[in-house]
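Visitor: next one to model:
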Amino acid sequence: MARKQPTLLSALSIWRVSPRSLRSKASSSTELIPSTVAPDIRKPIQLHAKSWAYLPHVLRRLEGFGIPRAHLPDLLSSFLADIREGMLSDEPRLAKFDLGWFTLTPADMYSGQRVDQIISQLFFTWASDPEKQHHLRTIVPQPTLDMIARLRHVADLSYPADLFPKARAMRRKFIMHVGPTNSGKTHMALRALAASNSGLYAGPLRLLAHEIWERLNRGQIVPLGMEPEPGSEPDTTINMDVANETGSRPTVRKVGHAKYARQCNLRTGEEFRIVADNAPLMSSTVEMASFDKALDVAVVDEIQMIADPERGSAWTSAVLGLPAREIHLCGEETAVPIIQDILKATGDELVVNRYERLTPLEIQESSLGGDLSQIQMGDCMVVFSRDGIFAVKAKIEEKTGLRCAVAYGRLPPEIRSEQAALFNDPKSGYDVIVASDAVGMGLNLKIKRVVFETLHKFDGQERRPLSISQIKQIAGRAGRYGLHGQPGGFVTTLHKEDIPTLRRALATPAPPLSCAILDPPGHWMENVSQVLPLKASTQALLEVPSYVSGIRPPFRAAAQIRLDQLSQFIDTHAKDLLLSDKLLFKNCPIQWSDPVALDTLAQILHMYTDTIRVELDALRNVEGMMPDRAKARACKDALRHLEGLHKVLVLYLWLSFRNAMAFHEADKAFELKARVERVLEWCLRQVSSHGRSDVAGFTRSADKLEYRHRRKARVGGRDWVAGVAAAKTVAESDSVITSSY
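Guide: You can find the predicted model right below:
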């Protein structure tokens with residue numbers, strides 16, 4: 001049934017919906033609308049322009065951009081009059097306004113935020129039109145018009161590729177490797193990287209970057225053009241989507257060989273390991289990719305994240321700015337149209353290689369009927385809340401006698417990896433894993449069957465259905481490499497009513513991505529800040545790309561989540577800092593909805609403003625987050641404290657790599673972080689109904705962690721052994737922490 005066009009009354013209600021909720025609705029709606037034809041942009045402008053011009057938050061925003069409140073009524077009245085008198089039907093004028101830039105997807109028709117952005121951008125374009133200046137000078141002073149035109153000019157993002165001159169000076173070749181989960185799409189890209197004279201891997205997770213760093217240095221990836229040695233085993237532990245290799249000559253090897261080894265450095269948000277100053281290769285998270293040095297080969301993983309509202313701009317910058325002669329993009333088919341559009345503007349060559357799933361995926365005929373006793377060895381139970389994960393884990397262990405590992409987003413990546421290793425090890429005693437959608441990326445899990453507890457997820461505002469892409473990504477984790485005897489995997493649901501939805505989702509092609517997210521660099525922000533009023537808020541500056549800048553499709557300005565809260569925090573606690581410092585703290589890896597994280601960041605900003613140097617011990621509640629007898633009588637309660645402490649330490653390390661003089665206690669933070677990870681891992685083991693809450697078990701975990709770090713230290717880089725060993729020597733004091741569990 002066709003949807004009704006929104007009325008003016010319903011349009012007014014749209015404006016009151018929070019931006020995060022609007023993004024969620026847009027995401028789910030896009031999945032449900034098969035048509036990819038964009039609506040006529042003129043209709044929503046005509047429908048909503050009048051109500052837009054009288055909304056209080058629109059008037060506050062325009063005033064924040066520097067337009068005096070007294071001049072707004074006449075300007076907006078003239079703008080509305082031009083719309084009423086047919087401005088949107090004047091094709092030559094619309095061509096001059098580049099109205100085609102203001103695109104709407106079908107889902108955007110119901111997004112008040114997106115319509116708000118488009119009308120605001122059109123207003124600034126209209127007010128800057130040279131042909132309108134004679135008339136506008138009769139209703140507002142010239143300085144106001146000059147300010148509007150100057151802001152529109154400085155904020156222009158019509159040609160974002162021009163922000164990367166090194167890449168524009170090169171003729172680049174892009175090779176896309178696209179396919180579903182478990183199709184081996186990154187295999188050839190990694191081999192090409194291993195064969196390059198200079199190269200970069202840029203991935204979505206620091207664990208993936210660390211994994212590539214380790215394997216390149218060890219010689220586990222056979223470079224393209226080299227014959228693999230006979231008699232070796234394939235590496236079935238790799239988290240990359242590589243080919244299913246059988247026989248005696250695998251190209252991704254379990255044991256490395258010196259002749260394949262390549263020197264590679266590591267750069268992530270929290271650590272920087274230098275194997276050699278002149279190492280030809282670098283492995284990094286995509287946000288840490290460097291655009292300064294010309295390269296032979298670059299590999300950008302999970303390219304479909306280019307449309308992610310929060311992180312997509314890093315992938316956009318990589319596509320536009322990496323100065324590499326050959327760039328491999330690995331990910332989903334949905335990203336192909338966006339990349340084609342971007343590269344038309346840059347003039348780079350594009351080749352698309354498509355891959356099929358290596359092992360079959362079968363939807364089971366029936367659900368589990370709500371009966372958790374039907375869970376089997378090798379199952380992954382997918383649950384979308386932290387509390388739900390532990391509740392389901394307890395029920396499965398009670399009903400089946402099987403022991404469950406866990407993986408969820410708030411767990412540190414190192415601990416998620418440890419839990420995955422326990423599940424994968426047939427001798428560990430962990431038969432099932434209960435996980436959130438964290439299983440969809442970056443974890444190598446030998447899953448036979450994926451079971452969805454539900455096909456809805458709470459996003460912080462409301463419960464919404466999972467998108468087709470999310471369902472496919474998670475379900476596709478089943479049956480990797482056929483590691484459970486017969487090749488292939490299975491997927492089902494806990495409840496009967498979800499089976500039809502699961503079948504439809506897996507049978508429906510995911511729609512192509514609608515945009516590439518663009519976040520302007522710091523020097524652009526500096527230029528814009530010079531045009532805004534002297535006391536302009538941080539929010540005004542951060543809203544300029546979305547509400548003023550001219551941005552061509554397929555790009556779209558990044559919309560900062562919780563912008564009001566973030567801006568108020570920065571203006572309260574960092575008002576006297578330089579803009580570069582404000583942008584640094586704006587980008588730091590915290591959850592702006594987490595009061596503990598905000599309290600910690602406020603302490604950091606207070607010390608940074610007062611003394612520049614930030615002492616780790618001076619942060620209140622850092623050691624206090626470590627659980628003790630008084631604060632936590634069970635490991636499950638302690639986990640929340642430990643997760644929060646780990647995030648504080650990661651934040652400190654992230655800042656230390658960007659300002660080592662101020663955040664000078666990185667070594668101490670690393671040591672405490674390792675200690676927290678050991679306690680976290682031990683607590684997770686005790687949460688199991690089969691756990692042994694003795695100190696000996698904790699010490700064995702410490703031994704395993706020390707061995708793992710010693711093994712990594714042999715590859716190169718900073719010697720972490722001292723930190724881990726020092727942490728291990730406090731086992732007696734740690735027993736005070738853990739003995740109450």
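
Visitor: so where is the stretch 201-350 of the chain shaky, pLDDT-wise?
Guide: 244-248 (pLDDT under 70).

Visitor: do the chain as well
Guide: 1-39, 99-111, 244-248, 460, 480-487, 620-636, 688-741.

Visitor: which residue of it sits farthest from its center?
Guide: Distance from the C-alpha centroid of the chain peaks at residue 138, with 48.9 Å (Cα atoms, centre = their mean).

Visitor: wasn't that one part of a helix?
Guide: No: counting by DSSP: H, G, I helix; E, B strand; the rest coil, one finds residue 138 to be coil, located in no helix.

Visitor: tell me, how many residues neighbour residue 51?
Guide: By other Cβ atoms under 10 Å, the residues close to residue 51 number 17. Just so you know, the C-beta spots here come from the backbone N, C-alpha and C atoms, and that holds for glycine as well.

Visitor: with the one 3 residues further on instead?
Guide: Here the count is done by other Cβ under 10 Å, and residue 54 has 12 residues near it.

Visitor: tell me the secondary structure of it, please.
Guide: Quick answer, by three-state DSSP: residue 54 is coil.

Visitor: ok, back up a step: ok, the residue farthest from the centre of the chain - contacts?
Guide: Counting by Cβ atoms under 8 Å, 6 or more residues apart in numbering, residue 138 makes contact with nothing.

Visitor: mind doing that once more with 10 Å?
Guide: Contact analysis of residue 138 by Cβ atoms under 10 Å, 6 or more residues apart in numbering lists 74, 78.

Visitor: which strand in the chain has the most residues?
Guide: Longest strand in the chain, counting residues (DSSP state E): strand 324-331.

Visitor: and that strand, which strands flank it?
Guide: strand 173-178 (parallel), strand 295-300 (parallel) (DSSP bridges).

Visitor: distance of residue 201 relative to residue 283?
Guide: Distance, residue 201 to residue 283, using Cβ to Cβ, to the nearest Å: 4 Å.

Visitor: so which residues of the stretch 551-700 of the chain form helices?
Guide: Per DSSP state H, counting those that start in this stretch, the stretch 551-700 of the chain carries helices over the ranges 563-573, 579-586, 595-611, 635-656, 666-687, 695-715.

Visitor: distance to residue 463 and mean neighbour count added to those, as JSON lines?
Guide: Listed next are those as JSON lines, based on distance: least, Cβ to Cβ, whole Å; neighbours: other Cβ atoms under 10 Å:
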{"stretch": "helix 563-573", "distance to residue 463": "22", "mean neighbour count": "17"}
{"stretch": "helix 579-586", "distance to residue 463": "30", "mean neighbour count": "18"}
{"stretch": "helix 595-611", "distance to residue 463": "23", "mean neighbour count": "17"}
{"stretch": "helix 635-656", "distance to residue 463": "23", "mean neighbour count": "22"}
{"stretch": "helix 666-687", "distance to residue 463": "26", "mean neighbour count": "22"}
{"stretch": "helix 695-715", "distance to residue 463": "37", "mean neighbour count": "16"}
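
Visitor: quick one: which of those helices is nearest residue 423?
Guide: helix 666-687 (11.9 Å; Cβ to Cβ).

Visitor: the closest one - contacts with which helices or strands?
Guide: helix 386-400, strand 403-407, helix 413-424, helix 635-656, helix 695-715, helix 721-728, helix 731-738 (3 or more Cβ pairs under 10 Å, 6 or more residues apart in numbering; DSSP states H and E).

Visitor: tell me the angle of that helix relative to strand 403-407?
Guide: Angle between the axes of helix 666-687 and strand 403-407 is 150 degrees (criterion: axes from the mean of the first three to the mean of the last three Cα atoms, to 10 degrees).
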